[in-house]
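1. how does the following fold in three dimensions:
(chains A and B)
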Amino acid sequence: MLQLRNAGLEYGNTQIRFPDLTLSPGQRLGLFGPSGLGKSSLAKVLAGIEPLSQGELTLPDFAKGSANPVQWAIQQSEFAFNPRLTIKQSLRESWRGDGFMVLLDLYGVEPGWLNRRPSQISGGQLQRVNLVRALIPSTEYLICDEITAHLDMITQQQIWQALDEEAYRRKLGLLVISHDEDLLNLVCDDVLHWTA
Amino acid sequence: MRKAFAQPTVLTLSLCLLALIVLAGLWPSSGAELSLLDKNLPPSLNHLFGTDWLGRDLFSRSLKALLASFYTGGLAVALSCSIALLLAMLAQVNCAARWCVDLLVDVFMSLPHLLLLILLALAFGGAQHGLIMAIALSHWPRLTRLLRFEMQAIANAPYFQLAKQFGQSPLTVIRRHMLPHVIPQWLVGGVLLFPHALTHMAALTFLGFGLDPVNPSMGALLSQASQYLLTGHWWLALCPGGLLLISLLILSYIANALITALRRGPQTHVSGGEFA
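-> Down below sits the predicted model:
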């Protein structure tokens, strides 16, 4: 279970107060809010990248040196990849072995692109690779931070469809952060409205 | 980097510099002995750079001086670069380490450069050893600062944070994601530092704090030549000075070509709004 209570962050003079939230396995929770509230900071906190300044955060336990069961996918997928590594090398960052091939097929990524660099494939393709990289077998929760905000409708639909099936099959907990309320109503069971 | 050396000018200049160093190493020192009959001869085919006030062939002395300068300078720069990389990596460990490294850089950068060099050279007992230590201990701050901010930018990049998320060990993350971006910058920084160090070495020797004036070194040659300038023996300063200048210019040119090639290569880090 992923839980956040009375939490907040301080960046110099800026203070962020996070809403209380609980995410259980198999649940799809939408987080809606205008830009500038700190949605991306919330994503980083939940992924354990940014430590909290105050409040409580409950995260699933995992052994040191193994992958975090809470994975984080960001909107700008081009920043999520080391520009010097090929797509295959980047996928091997999380996957031990070639298990990603099945998922690549599911997400519609052409295997021929594995030897390209991130700058040599399109944003939509890169975002799919980004999700495949995050969805290793040990992943229990996925924080989707505006993952389709910059993509066209058809690509958005393909990505969400694949993710929907995957989440259902594996009982993944999804936290979908977006400023697109229609998308959240479509994809999620509950939508949390975060206001200042 | 490979692309930089594919350019004909860069390749030619690098080969020229290499040839010069090999020539200096192989050049017989037979002409450099005292020969009072041949003193103060202007440049000719027999003596390309002329001879000095003791009749020694200036060309062979200049080559030996250049070699000595490259050796001491290279050693000092290698030491300086190692210090810079170590401190920059240390600054990544935690907040306290970062604070200490920044303070150290600030302190060293606030001191007058030449004064610091002289003090360090004296503290380490002068001569070649003192000179190397003085250059090594005074030239790291700029490179440290550069590397430290490069590393900071990469540490904030999502792909770096994600690599930790996938459970990779800190060492693997640094080796795979940090060093490949930083090492080229570090090498170029070192090459750029080299002409800088050579000039300062010559300056220190000129002022009398550096190498032994008996052995040929660029600073010693120039400082001795300055006493003979007014007597019309122009070649004593101009020829070794020109040789030093040309090798420094070639080095700077190569370093600049490397930087340009580096900027055209894969981008080092991201400059995205919220991740900056």
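2. show me where the chain has its helices.
-> Using chain A here. Secondary structure of chain A by DSSP state H: the helices cover A:39-46, A:87-91, A:100-106, A:123-134, A:153-170, A:181-187.
3. um, chain B though
-> Counting by DSSP H, one finds helices in chain B at the ranges B:2-6, B:8-26, B:58-90, B:95-110, B:113-123, B:127-138, B:140-155, B:158-165, B:170-173, B:179-207, B:218-226, B:235-264.
4. contact partners for A:Leu131?
-> With contacts defined as C-beta atoms under 8 Å, 6 or more residues apart in numbering or on different chains, A:Leu131 is in contact with A:Ala73, A:Tyr107, A:Leu142, A:Ile147, A:Ile159, A:Ala162, A:Leu163. To be clear about C-beta, it is placed using only N, CA and C from the backbone, and glycine gets the same treatment.
5. buried subset of the residues you listed as a ChimeraX selection?
-> In ChimeraX, selecting the buried portion of those, with burial taken from 16 or more other C-beta atoms under 10 Å in any protein chain shown, looks like this:
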select /A:73,107,142,147,159,162,163
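6. check A:Trp72 and give its pLDDT.
-> The pLDDT attached to A:Trp72 in the predicted structure is 91.
7. A:Val187 against A:Trp160, yeah?
-> Yes. Between A:Val187 and A:Trp160 there is a contact under C-beta atoms under 8 Å: 5.8 Å.
8. same drill for those two, tell me which one is more crowded.
-> Residue environment comparison for A:Val187 versus A:Trp160 gives the larger neighbour count to A:Val187, 21 against 18, counting by other C-beta atoms under 10 Å in any protein chain shown.
9. quick one, what contacts that one?
-> For A:Val187, the residues meeting the contact criterion (C-beta under 8 Å, 6+ apart) are A:Arg28, A:Gly30, A:Trp160, A:Asp164, A:Leu174, A:Val176.
10. is it true that the fifth one touches A:Arg28?
-> Right, A:Leu174. Yes. A:Leu174 lies in contact with A:Arg28 (C-beta under 8 Å); the separation is 4.5 Å.
11. okay, strands next: where are they in chain A?
-> Ranges of strands within chain A are A:2-11, A:14-17, A:21-23, A:28-32, A:54-58, A:70-73, A:141-145, A:173-178, A:190-193, based on DSSP state E.
12. what does the fourth one rub up against?
-> Applying C-beta under 8 Å, 6+ apart, the contact partners of strand A:28-32 are A:19, A:21, A:23, A:39, A:42, A:167, A:173-179, A:181, A:184-185, A:187-194.
13. how about the CA coordinates for that strand, as CSV?
-> Taking only C-alpha atoms (Å, rounded to 0.1, in the frame of the first residue of the first chain), the coordinates of strand A:28-32 have been written out as CSV:
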residue,chain,number,x,y,z
ARG,A,28,-6.2,3.3,-10.5
LEU,A,29,-6.2,6.7,-8.9
GLY,A,30,-6.3,9.9,-10.9
LEU,A,31,-4.7,13.1,-9.6
PHE,A,32,-6.1,16.2,-11.2
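14. save the helices of chain B as JSON lines, and put in distance to chain A, mean neighbour count and mean pLDDT too.
-> Putting those into JSON lines (distance: least, C-beta to the nearest C-beta, whole Å; neighbours: other C-beta atoms under 10 Å in any protein chain shown; pLDDT from 0 to 100) gives the following:
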{"stretch": "helix B:2-6", "distance to chain A": "14", "mean neighbour count": "13", "mean pLDDT": "73"}
{"stretch": "helix B:8-26", "distance to chain A": "23", "mean neighbour count": "13", "mean pLDDT": "84"}
{"stretch": "helix B:58-90", "distance to chain A": "19", "mean neighbour count": "21", "mean pLDDT": "89"}
{"stretch": "helix B:95-110", "distance to chain A": "12", "mean neighbour count": "13", "mean pLDDT": "92"}
{"stretch": "helix B:113-123", "distance to chain A": "34", "mean neighbour count": "17", "mean pLDDT": "88"}
{"stretch": "helix B:127-138", "distance to chain A": "31", "mean neighbour count": "21", "mean pLDDT": "88"}
{"stretch": "helix B:140-155", "distance to chain A": "9", "mean neighbour count": "20", "mean pLDDT": "91"}
{"stretch": "helix B:158-165", "distance to chain A": "5", "mean neighbour count": "23", "mean pLDDT": "90"}
{"stretch": "helix B:170-173", "distance to chain A": "9", "mean neighbour count": "14", "mean pLDDT": "86"}
{"stretch": "helix B:179-207", "distance to chain A": "6", "mean neighbour count": "20", "mean pLDDT": "84"}
{"stretch": "helix B:218-226", "distance to chain A": "40", "mean neighbour count": "22", "mean pLDDT": "79"}
{"stretch": "helix B:235-264", "distance to chain A": "13", "mean neighbour count": "18", "mean pLDDT": "83"}
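15. in CSV, list the ones you listed along with distance to A:Arg117.
-> Rendered in CSV, the data for the helices of chain B read as follows (distance: least, C-beta to C-beta, whole Å):
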stretch, distance to A:Arg117
helix B:2-6, 16
helix B:8-26, 25
helix B:58-90, 27
helix B:95-110, 32
helix B:113-123, 42
helix B:127-138, 38
helix B:140-155, 17
helix B:158-165, 13
helix B:170-173, 19
helix B:179-207, 13
helix B:218-226, 45
helix B:235-264, 15
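16. for A:Leu59, which of the ones you listed is the nearest?
-> Nearest of the helices of chain B to A:Leu59, taken as C-beta to C-beta: helix B:158-165 at 12.3 Å.
17. chain center to the closest one, what's the gap?
-> The chain centroid and the centroid of helix B:158-165 are separated by 35 Å under C-alpha atoms, centre = their mean, to the nearest Å.
18. do stretch B:44-57 as well
-> The chain centroid and the centroid of stretch B:44-57 are separated by 29 Å under C-alpha atoms, centre = their mean.
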